[in-house]
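Student: Sharing a sequence plus its predicted fold:
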Amino acid sequence: MSDKIQAVRGMNDIPPSEIPYWRFIEDTARRVLDAYGFREIRMPIVEKTDLFRRSIGEVTDIVEKEMYTFPDRRGDSLTLRPEATASMVRAGVQHNLFDRVRRLWCTGPMFRYERPQKGRYRQFHQLDVEVFGVPGAEVDAELILILSRLWRELGMQNLALEINSLGSKETQARYRQTLVDFFQDYREQLDEDSTRRLTTNPLRILDSKNPEMRQLIESAPKLIEQLDAESLEHFEMLKQILSNSAVPFTVNPRLVRGLDYYTRTVFEWVTTELGSQGAVCGGGRYDGLIEEIGGKATPATGFALGMERLVELLKLHEVQPPTAVSHVYLIALGEAARTRVHALAERLRDGIPDLRLTVDAGSDSAKKKMRNADRSEAPLALIVGDDEIANETVSVKHLRETSDQQNLSIEKLINLLKHQLAAGAW
Ligand code: AMP
(Lines give C-alpha, C1' and ligand atoms only; values in the text may rest on other atoms or scores of the structure.)
Protein backbone atom coordinates (compact mmCIF):
# COMPACT_ATOMS: atom_id res chain seq x y z
CA MET A 1 0.00 0.00 0.00
CA SER A 2 1.31 3.51 -0.70
CA ASP A 3 1.68 6.08 2.06
CA LYS A 4 -1.52 7.74 3.19
CA ILE A 5 -1.69 11.39 2.23
CA GLN A 6 -2.39 13.63 5.23
CA ALA A 7 -4.05 17.03 5.31
CA VAL A 8 -1.79 20.10 5.27
CA ARG A 9 -0.50 21.05 8.76
CA GLY A 10 -2.82 23.50 10.48
CA MET A 11 -5.66 22.84 8.02
CA ASN A 12 -8.38 20.66 9.46
CA ASP A 13 -11.24 18.55 8.24
CA ILE A 14 -14.51 19.23 9.97
CA PRO A 15 -15.92 15.74 10.53
CA PRO A 16 -19.67 14.98 10.39
CA SER A 17 -19.80 14.73 14.21
CA GLU A 18 -18.74 18.41 14.46
CA ILE A 19 -21.02 19.76 11.74
CA PRO A 20 -24.06 20.20 14.04
CA TYR A 21 -22.10 22.83 16.03
CA TRP A 22 -21.13 24.68 12.84
CA ARG A 23 -24.64 24.62 11.47
CA PHE A 24 -26.08 25.74 14.79
CA ILE A 25 -23.80 28.79 14.79
CA GLU A 26 -24.31 29.53 11.09
CA ASP A 27 -28.10 29.13 11.20
CA THR A 28 -28.41 31.24 14.35
CA ALA A 29 -26.11 33.94 12.96
CA ARG A 30 -28.02 34.02 9.68
CA ARG A 31 -31.31 34.46 11.51
CA VAL A 32 -29.95 37.18 13.81
CA LEU A 33 -28.30 39.06 10.92
CA ASP A 34 -31.49 38.89 8.83
CA ALA A 35 -33.30 40.39 11.79
CA TYR A 36 -30.90 43.37 11.86
CA GLY A 37 -31.19 44.08 8.13
CA PHE A 38 -27.90 42.56 6.93
CA ARG A 39 -27.36 41.06 3.45
CA GLU A 40 -25.00 38.22 2.64
CA ILE A 41 -22.16 38.54 0.13
CA ARG A 42 -19.66 35.89 -1.06
CA MET A 43 -16.23 36.80 -2.35
CA PRO A 44 -13.41 34.72 -3.85
CA ILE A 45 -10.87 33.17 -1.49
CA VAL A 46 -7.97 34.43 -3.62
CA GLU A 47 -7.25 38.13 -4.16
CA LYS A 48 -4.43 40.20 -5.60
CA THR A 49 -1.66 40.46 -3.02
CA ASP A 50 -1.67 44.26 -3.20
CA LEU A 51 -5.15 44.40 -1.70
CA PHE A 52 -3.90 43.02 1.62
CA ARG A 53 -0.61 44.90 1.57
CA ARG A 54 -2.46 48.18 1.18
CA SER A 55 -5.28 47.51 3.62
CA ILE A 56 -3.83 45.45 6.47
CA GLY A 57 -0.49 47.31 6.30
CA GLU A 58 2.99 46.28 5.12
CA VAL A 59 4.46 46.16 8.61
CA THR A 60 2.02 43.83 10.35
CA ASP A 61 2.42 40.21 11.44
CA ILE A 62 -0.14 39.15 8.86
CA VAL A 63 1.53 40.75 5.85
CA GLU A 64 5.13 40.24 6.94
CA LYS A 65 4.92 36.63 8.06
CA GLU A 66 1.56 34.98 7.65
CA MET A 67 0.22 35.33 4.12
CA TYR A 68 -0.01 32.46 1.66
CA THR A 69 1.27 34.38 -1.35
CA PHE A 70 2.16 32.80 -4.69
CA PRO A 71 2.64 33.76 -8.32
CA ASP A 72 -0.04 32.36 -10.63
CA ARG A 73 0.89 30.89 -13.99
CA ARG A 74 1.19 34.35 -15.53
CA GLY A 75 3.36 35.58 -12.70
CA ASP A 76 0.71 37.78 -11.00
CA SER A 77 1.09 37.77 -7.21
CA LEU A 78 -2.01 36.30 -5.55
CA THR A 79 -2.81 35.67 -1.87
CA LEU A 80 -5.20 33.36 -0.04
CA ARG A 81 -7.27 35.82 1.98
CA PRO A 82 -6.04 36.16 5.59
CA GLU A 83 -9.23 38.03 6.55
CA ALA A 84 -12.44 39.12 4.87
CA THR A 85 -12.79 42.86 5.44
CA ALA A 86 -10.38 43.90 2.68
CA SER A 87 -12.10 41.58 0.17
CA MET A 88 -15.53 42.86 1.14
CA VAL A 89 -14.39 46.46 0.72
CA ARG A 90 -12.83 45.58 -2.65
CA ALA A 91 -16.09 43.94 -3.78
CA GLY A 92 -18.20 46.85 -2.55
CA VAL A 93 -16.06 49.44 -4.33
CA GLN A 94 -15.86 47.36 -7.52
CA HIS A 95 -19.66 46.92 -7.74
CA ASN A 96 -20.55 50.30 -6.32
CA LEU A 97 -22.53 48.60 -3.57
CA PHE A 98 -22.20 50.90 -0.61
CA ASP A 99 -24.74 53.52 -1.72
CA ARG A 100 -27.43 50.85 -1.77
CA VAL A 101 -26.36 48.09 0.61
CA ARG A 102 -24.77 49.27 3.82
CA ARG A 103 -24.93 46.16 5.98
CA LEU A 104 -23.10 43.10 4.73
CA TRP A 105 -21.90 39.79 6.10
CA CYS A 106 -20.04 36.75 4.85
CA THR A 107 -18.54 33.58 6.18
CA GLY A 108 -15.80 31.23 5.02
CA PRO A 109 -12.20 30.08 5.37
CA MET A 110 -9.24 32.42 6.00
CA PHE A 111 -5.56 31.49 5.72
CA ARG A 112 -2.63 32.56 7.88
CA TYR A 113 0.74 30.89 8.16
CA GLU A 114 0.84 30.87 11.95
CA ARG A 115 2.32 28.30 14.32
CA PRO A 116 -0.52 25.78 14.68
CA GLN A 117 -1.73 25.06 18.21
CA LYS A 118 -5.09 24.54 19.88
CA GLY A 119 -7.37 27.33 18.70
CA ARG A 120 -4.84 28.64 16.16
CA TYR A 121 -4.85 27.14 12.69
CA ARG A 122 -3.55 27.93 9.22
CA GLN A 123 -6.98 27.55 7.68
CA PHE A 124 -9.70 28.81 10.00
CA HIS A 125 -13.19 30.19 9.51
CA GLN A 126 -14.69 33.54 10.31
CA LEU A 127 -18.10 35.11 10.33
CA ASP A 128 -17.51 38.62 9.11
CA VAL A 129 -20.03 41.45 9.57
CA GLU A 130 -19.54 45.02 8.32
CA VAL A 131 -21.53 48.27 8.13
CA PHE A 132 -20.57 50.90 5.54
CA GLY A 133 -21.41 54.58 5.35
CA VAL A 134 -22.36 55.28 8.99
CA PRO A 135 -19.82 57.32 11.00
CA GLY A 136 -21.49 57.33 14.44
CA ALA A 137 -20.84 55.25 17.55
CA GLU A 138 -24.44 54.02 17.50
CA VAL A 139 -23.61 51.51 14.80
CA ASP A 140 -20.46 50.31 16.60
CA ALA A 141 -22.74 49.71 19.57
CA GLU A 142 -25.30 47.93 17.41
CA LEU A 143 -22.66 45.46 16.23
CA ILE A 144 -21.90 44.68 19.85
CA LEU A 145 -25.62 44.24 20.58
CA ILE A 146 -25.85 41.78 17.66
CA LEU A 147 -23.03 39.78 19.21
CA SER A 148 -24.64 39.85 22.68
CA ARG A 149 -27.80 38.48 21.12
CA LEU A 150 -25.87 35.83 19.24
CA TRP A 151 -24.15 34.66 22.45
CA ARG A 152 -27.53 34.52 24.22
CA GLU A 153 -29.14 32.52 21.44
CA LEU A 154 -26.21 30.12 21.38
CA GLY A 155 -26.37 29.66 25.15
CA MET A 156 -22.97 31.30 25.79
CA GLN A 157 -22.67 33.37 28.97
CA ASN A 158 -19.03 33.67 29.86
CA LEU A 159 -17.70 35.94 27.14
CA ALA A 160 -16.32 39.27 28.32
CA LEU A 161 -16.35 42.41 26.20
CA GLU A 162 -13.28 44.66 26.07
CA ILE A 163 -13.39 47.98 24.26
CA ASN A 164 -10.90 50.72 23.46
CA SER A 165 -10.52 53.71 21.16
CA LEU A 166 -7.57 54.16 18.81
CA GLY A 167 -8.57 57.73 17.95
CA SER A 168 -8.32 59.39 14.56
CA LYS A 169 -5.46 58.81 12.12
CA GLU A 170 -4.01 62.17 13.29
CA THR A 171 -4.10 61.02 16.91
CA GLN A 172 -2.39 57.81 15.89
CA ALA A 173 0.34 59.80 14.10
CA ARG A 174 0.96 61.84 17.25
CA TYR A 175 0.90 58.74 19.43
CA ARG A 176 3.39 57.08 17.10
CA GLN A 177 5.91 59.79 18.02
CA THR A 178 5.15 59.35 21.73
CA LEU A 179 5.84 55.63 21.38
CA VAL A 180 9.08 56.18 19.45
CA ASP A 181 10.29 58.57 22.16
CA PHE A 182 9.37 56.04 24.84
CA PHE A 183 10.86 52.92 23.24
CA GLN A 184 14.05 54.78 22.18
CA ASP A 185 14.95 54.91 25.86
CA TYR A 186 14.65 51.11 26.14
CA ARG A 187 16.20 50.15 22.80
CA GLU A 188 18.34 47.42 24.33
CA GLN A 189 15.19 45.65 25.62
CA LEU A 190 13.51 45.51 22.21
CA ASP A 191 13.56 42.23 20.28
CA GLU A 192 14.50 42.14 16.61
CA ASP A 193 10.95 42.63 15.27
CA SER A 194 10.26 45.54 17.58
CA THR A 195 13.58 47.24 16.82
CA ARG A 196 12.68 47.17 13.15
CA ARG A 197 9.13 48.37 13.85
CA LEU A 198 10.43 51.29 15.89
CA THR A 199 11.27 52.98 12.61
CA THR A 200 8.68 51.36 10.31
CA ASN A 201 5.48 51.02 12.40
CA PRO A 202 5.90 51.60 16.16
CA LEU A 203 2.21 50.94 16.92
CA ARG A 204 2.71 47.33 15.92
CA ILE A 205 5.30 46.88 18.69
CA LEU A 206 2.27 46.76 20.98
CA ASP A 207 1.02 43.53 19.27
CA SER A 208 4.23 41.65 20.06
CA LYS A 209 3.55 38.06 21.09
CA ASN A 210 7.00 37.86 22.73
CA PRO A 211 6.42 37.37 26.51
CA GLU A 212 9.75 39.06 27.27
CA MET A 213 8.41 42.26 25.78
CA ARG A 214 5.18 42.23 27.83
CA GLN A 215 6.38 44.24 30.81
CA LEU A 216 7.94 46.96 28.73
CA ILE A 217 4.83 47.22 26.56
CA GLU A 218 2.67 47.42 29.69
CA SER A 219 4.57 50.46 30.89
CA ALA A 220 4.37 52.33 27.54
CA PRO A 221 2.14 55.44 27.34
CA LYS A 222 -1.46 54.68 26.37
CA LEU A 223 -3.17 56.01 23.28
CA ILE A 224 -6.48 56.47 25.06
CA GLU A 225 -4.85 59.14 27.26
CA GLN A 226 -4.15 61.23 24.14
CA LEU A 227 -7.51 60.93 22.37
CA ASP A 228 -8.72 63.85 20.24
CA ALA A 229 -11.99 65.52 21.31
CA GLU A 230 -14.11 63.96 18.56
CA SER A 231 -12.88 60.44 19.24
CA LEU A 232 -13.44 60.97 22.94
CA GLU A 233 -17.05 61.99 22.28
CA HIS A 234 -17.47 58.97 19.99
CA PHE A 235 -16.11 56.66 22.68
CA GLU A 236 -18.35 58.20 25.38
CA MET A 237 -21.42 57.63 23.20
CA LEU A 238 -20.45 53.99 22.62
CA LYS A 239 -20.06 53.42 26.36
CA GLN A 240 -23.37 55.13 27.06
CA ILE A 241 -25.33 53.02 24.58
CA LEU A 242 -23.77 49.84 25.97
CA SER A 243 -24.62 50.88 29.54
CA ASN A 244 -28.17 51.84 28.56
CA SER A 245 -28.55 48.44 26.89
CA ALA A 246 -27.17 46.59 29.94
CA VAL A 247 -24.17 45.18 28.08
CA PRO A 248 -21.24 44.91 30.53
CA PHE A 249 -17.79 45.89 29.24
CA THR A 250 -14.33 46.86 30.40
CA VAL A 251 -12.08 49.44 28.80
CA ASN A 252 -8.76 47.81 27.91
CA PRO A 253 -6.28 50.54 26.94
CA ARG A 254 -3.88 47.83 25.65
CA LEU A 255 -6.35 46.57 23.05
CA VAL A 256 -4.85 47.68 19.73
CA ARG A 257 -5.69 44.81 17.31
CA GLY A 258 -3.06 43.68 14.81
CA LEU A 259 -4.12 45.54 11.68
CA ASP A 260 -3.27 49.07 10.57
CA TYR A 261 -6.64 50.14 9.29
CA TYR A 262 -8.52 50.67 12.58
CA THR A 263 -9.60 54.12 13.80
CA ARG A 264 -11.58 54.97 16.94
CA THR A 265 -13.60 52.01 18.27
CA VAL A 266 -11.97 48.62 18.66
CA PHE A 267 -13.41 45.73 20.64
CA GLU A 268 -12.83 42.10 21.45
CA TRP A 269 -14.87 39.36 23.10
CA VAL A 270 -12.58 37.18 25.19
CA THR A 271 -12.79 34.13 27.40
CA THR A 272 -10.44 32.53 29.88
CA GLU A 273 -11.84 29.09 29.06
CA LEU A 274 -9.83 28.44 25.90
CA GLY A 275 -6.30 28.78 27.27
CA SER A 276 -3.95 31.11 25.44
CA GLN A 277 -6.20 31.58 22.38
CA GLY A 278 -8.92 33.44 24.27
CA ALA A 279 -10.10 35.95 21.64
CA VAL A 280 -13.34 34.74 20.10
CA CYS A 281 -14.33 37.82 18.17
CA GLY A 282 -12.69 41.11 17.31
CA GLY A 283 -13.67 44.21 15.44
CA GLY A 284 -13.69 47.94 15.14
CA ARG A 285 -14.03 50.99 12.98
CA TYR A 286 -11.92 51.66 9.88
CA ASP A 287 -13.04 54.97 8.44
CA GLY A 288 -10.04 55.44 6.12
CA LEU A 289 -9.77 52.04 4.46
CA ILE A 290 -12.22 52.37 1.60
CA GLU A 291 -10.56 55.50 0.27
CA GLU A 292 -7.19 53.82 0.66
CA ILE A 293 -8.15 51.05 -1.70
CA GLY A 294 -9.60 53.29 -4.36
CA GLY A 295 -13.21 53.92 -3.29
CA LYS A 296 -14.78 57.20 -2.25
CA ALA A 297 -14.36 58.11 1.41
CA THR A 298 -16.85 55.96 3.36
CA PRO A 299 -16.83 55.34 7.10
CA ALA A 300 -17.05 51.67 8.06
CA THR A 301 -17.12 49.39 11.07
CA GLY A 302 -17.29 45.61 11.56
CA PHE A 303 -16.19 42.46 13.31
CA ALA A 304 -14.84 38.98 12.62
CA LEU A 305 -15.81 36.03 14.76
CA GLY A 306 -13.59 32.93 14.93
CA MET A 307 -15.77 29.90 14.23
CA GLU A 308 -13.37 27.21 15.53
CA ARG A 309 -13.02 28.91 18.91
CA LEU A 310 -16.76 29.36 19.24
CA VAL A 311 -17.35 25.70 18.37
CA GLU A 312 -14.84 24.75 21.06
CA LEU A 313 -16.70 26.90 23.59
CA LEU A 314 -20.06 25.35 22.73
CA LYS A 315 -18.54 21.92 23.31
CA LEU A 316 -17.01 22.99 26.61
CA HIS A 317 -20.40 24.22 27.76
CA GLU A 318 -22.03 21.00 26.59
CA VAL A 319 -24.45 22.89 24.38
CA GLN A 320 -26.47 20.34 22.41
CA PRO A 321 -26.94 21.61 18.87
CA PRO A 322 -29.72 20.20 16.70
CA THR A 323 -28.43 17.22 14.69
CA ALA A 324 -29.20 16.14 11.13
CA VAL A 325 -29.22 12.42 11.95
CA SER A 326 -31.94 10.50 10.08
CA HIS A 327 -35.19 9.94 11.94
CA VAL A 328 -35.80 6.74 10.10
CA TYR A 329 -33.61 3.99 8.64
CA LEU A 330 -35.61 2.08 6.02
CA ILE A 331 -34.43 -1.45 5.31
CA ALA A 332 -35.43 -3.61 2.34
CA LEU A 333 -35.18 -7.38 2.87
CA GLY A 334 -35.34 -9.62 -0.20
CA GLU A 335 -35.37 -8.95 -3.94
CA ALA A 336 -38.99 -7.77 -4.20
CA ALA A 337 -38.53 -5.22 -1.41
CA ARG A 338 -35.31 -3.90 -2.93
CA THR A 339 -37.20 -2.61 -5.96
CA ARG A 340 -40.16 -1.26 -3.98
CA VAL A 341 -38.83 0.57 -0.91
CA HIS A 342 -37.81 3.65 -2.88
CA ALA A 343 -41.43 4.19 -3.91
CA LEU A 344 -42.45 3.84 -0.25
CA ALA A 345 -39.68 6.26 0.81
CA GLU A 346 -40.90 8.85 -1.70
CA ARG A 347 -44.46 8.46 -0.38
CA LEU A 348 -43.23 9.07 3.16
CA ARG A 349 -41.21 12.11 2.05
CA ASP A 350 -44.29 13.52 0.25
CA GLY A 351 -46.47 12.98 3.33
CA ILE A 352 -43.95 14.29 5.91
CA PRO A 353 -41.80 17.07 4.44
CA ASP A 354 -39.52 17.41 7.51
CA LEU A 355 -38.71 13.72 7.64
CA ARG A 356 -35.05 12.66 7.43
CA LEU A 357 -34.91 9.19 5.99
CA THR A 358 -32.08 6.87 4.94
CA VAL A 359 -32.92 4.04 2.56
CA ASP A 360 -30.89 0.84 2.72
CA ALA A 361 -31.88 -1.24 -0.33
CA GLY A 362 -28.46 -2.80 -0.87
CA SER A 363 -27.54 -6.46 -1.05
CA ASP A 364 -26.21 -6.82 2.53
CA SER A 365 -27.58 -9.48 4.84
CA ALA A 366 -30.44 -8.69 7.23
CA LYS A 367 -28.00 -8.78 10.14
CA LYS A 368 -25.62 -6.32 8.49
CA LYS A 369 -28.49 -3.98 7.62
CA MET A 370 -29.69 -3.96 11.23
CA ARG A 371 -26.16 -3.14 12.33
CA ASN A 372 -26.06 -0.29 9.77
CA ALA A 373 -29.36 0.97 11.18
CA ASP A 374 -27.93 0.95 14.67
CA ARG A 375 -24.77 2.80 13.60
CA SER A 376 -26.79 5.42 11.73
CA GLU A 377 -28.02 6.74 15.13
CA ALA A 378 -31.58 6.89 13.73
CA PRO A 379 -34.18 6.30 16.46
CA LEU A 380 -36.41 4.19 14.25
CA ALA A 381 -35.89 1.34 11.77
CA LEU A 382 -38.53 0.44 9.19
CA ILE A 383 -38.29 -3.04 7.73
CA VAL A 384 -39.95 -4.14 4.49
CA GLY A 385 -39.73 -7.81 3.40
CA ASP A 386 -41.94 -10.17 1.41
CA ASP A 387 -44.63 -10.40 4.14
CA GLU A 388 -44.90 -6.64 4.46
CA ILE A 389 -45.22 -6.27 0.68
CA ALA A 390 -47.96 -8.88 0.57
CA ASN A 391 -49.89 -7.17 3.42
CA GLU A 392 -49.03 -3.58 2.42
CA THR A 393 -47.56 -2.93 5.85
CA VAL A 394 -44.22 -1.93 7.35
CA SER A 395 -42.47 -3.38 10.41
CA VAL A 396 -41.42 -0.68 12.85
CA LYS A 397 -38.62 -1.15 15.36
CA HIS A 398 -37.55 1.45 17.93
CA LEU A 399 -33.76 1.32 18.04
CA ARG A 400 -33.09 3.44 21.12
CA GLU A 401 -35.69 2.05 23.51
CA THR A 402 -36.93 -1.44 24.32
CA SER A 403 -40.34 -2.07 22.83
CA ASP A 404 -41.87 -4.77 20.64
CA GLN A 405 -41.62 -4.61 16.92
CA GLN A 406 -44.92 -3.34 15.45
CA ASN A 407 -46.54 -3.99 12.13
CA LEU A 408 -48.34 -0.92 10.77
CA SER A 409 -50.23 0.08 7.63
CA ILE A 410 -48.62 2.89 5.63
CA GLU A 411 -51.33 5.33 6.80
CA LYS A 412 -50.74 4.48 10.46
CA LEU A 413 -46.99 4.71 9.94
CA ILE A 414 -47.33 8.22 8.48
CA ASN A 415 -49.46 9.23 11.48
CA LEU A 416 -46.94 7.78 13.91
CA LEU A 417 -44.03 9.61 12.24
CA LYS A 418 -45.97 12.90 12.11
CA HIS A 419 -46.87 12.55 15.76
CA GLN A 420 -43.28 11.82 16.83
CA LEU A 421 -41.94 14.79 14.85
CA ALA A 422 -44.63 17.18 16.09
CA ALA A 423 -43.97 16.11 19.69
CA GLY A 424 -40.27 16.88 19.17
CA ALA A 425 -39.55 13.32 20.26
CA TRP A 426 -36.53 13.16 17.89
P1 AMP B 1 -8.54 38.87 13.66
O2 AMP B 1 -8.91 38.98 12.21
O3 AMP B 1 -7.11 38.49 13.87
O4 AMP B 1 -9.00 39.99 14.48
O5 AMP B 1 -9.33 37.59 14.19
C6 AMP B 1 -10.70 37.60 14.49
C7 AMP B 1 -11.03 36.30 15.16
O8 AMP B 1 -10.71 35.20 14.29
C9 AMP B 1 -10.22 36.03 16.40
O10 AMP B 1 -10.85 36.60 17.53
C11 AMP B 1 -10.19 34.51 16.48
O12 AMP B 1 -11.36 34.03 17.09
C13 AMP B 1 -10.20 34.11 15.03
N14 AMP B 1 -8.84 33.75 14.56
C15 AMP B 1 -7.87 34.60 14.13
N16 AMP B 1 -6.77 33.92 13.75
C17 AMP B 1 -7.05 32.61 13.93
C18 AMP B 1 -6.34 31.38 13.70
N19 AMP B 1 -5.11 31.37 13.19
N20 AMP B 1 -6.95 30.21 14.01
C21 AMP B 1 -8.21 30.19 14.52
N22 AMP B 1 -8.93 31.31 14.73
C23 AMP B 1 -8.38 32.50 14.44
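Tutor: Looks like it came in fine. Numbering: from 1, shown residues only.
Student: pretty sure residue 45 is touching residue 78, no?
Tutor: No. Using Cβ atoms under 8 Å, residue 45 makes no contact with residue 78, being 10.1 Å away. (Glycine included, C-beta is placed from N, CA and C.)
Student: what sits in contact with each of those two?
Tutor: With contacts taken as Cβ atoms under 8 Å, 6 or more residues apart in numbering, residue 45 and residue 78 have no neighbour in common.
Student: Show me where the stretch 251-400 of the chain has its strands.
Tutor: In the stretch 251-400 of the chain, the segments counted as strands under DSSP state E, counting those that start in this stretch are 263-270, 279-285, 300-306, 328-332, 357-360, 380-384, 393-398.
Student: So which of the ones you listed is nearest residue 17?
Tutor: Nearest of the strands of the stretch 251-400 of the chain to residue 17, taken as Cβ to Cβ: strand 357-360 at 16.7 Å.
Student: before we move on, back to that, which of the strands of the stretch 251-400 of the chain sits closest to the ligand?
Tutor: Comparison of the strands of the stretch 251-400 of the chain against the ligand by Cβ to the nearest ligand atom identifies strand 300-306 as nearest, at 2.0 Å.
Student: which strands and helices sit next to that closest one?
Tutor: helix 85-94, strand 123-132, helix 137-154, strand 279-285 (3 or more Cβ pairs under 8 Å, 6 or more residues apart in numbering; DSSP states H and E).
Student: okay, those in TSV with distance to residue 178 and mean neighbour count next?
Tutor: Converted to TSV, the helices and strands packed on strand 300-306 look like this (distance: least, Cβ to Cβ, whole Å; neighbours: other Cβ atoms under 10 Å):
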stretch	distance to residue 178	mean neighbour count
helix 85-94	27	22
strand 123-132	31	22
helix 137-154	25	20
strand 279-285	21	24
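Student: got these as CSV, with distance to residue 255 columns?
Tutor: Output for those, formatted as CSV (distance: least, Cβ to Cβ, whole Å):
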stretch, distance to residue 255
helix 85-94, 17
strand 123-132, 18
helix 137-154, 14
strand 279-285, 9
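Student: In CSV, list these along with distance to the ligand.
Tutor: Output for those, formatted as CSV (distance: least, Cβ to the nearest ligand atom, whole Å):
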stretch, distance to the ligand
helix 85-94, 8
strand 123-132, 3
helix 137-154, 11
strand 279-285, 4
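Student: Ok, which of the ones you listed comes nearest residue 200?
Tutor: When those are ranked by proximity to residue 200 (Cβ to Cβ), helix 85-94 comes first, at 20.1 Å.
Student: could you point out which element follows that closest one?
Tutor: Using DSSP states H and E, the helix or strand that follows helix 85-94 in sequence is strand 103-111.
Student: what's that following strand in contact with?
Tutor: Contacts for strand 103-111 (Cβ under 8 Å, 6+ apart): 26, 29, 33, 36-43, 45, 67-68, 80-84, 88, 92, 97, 122-132, 307.
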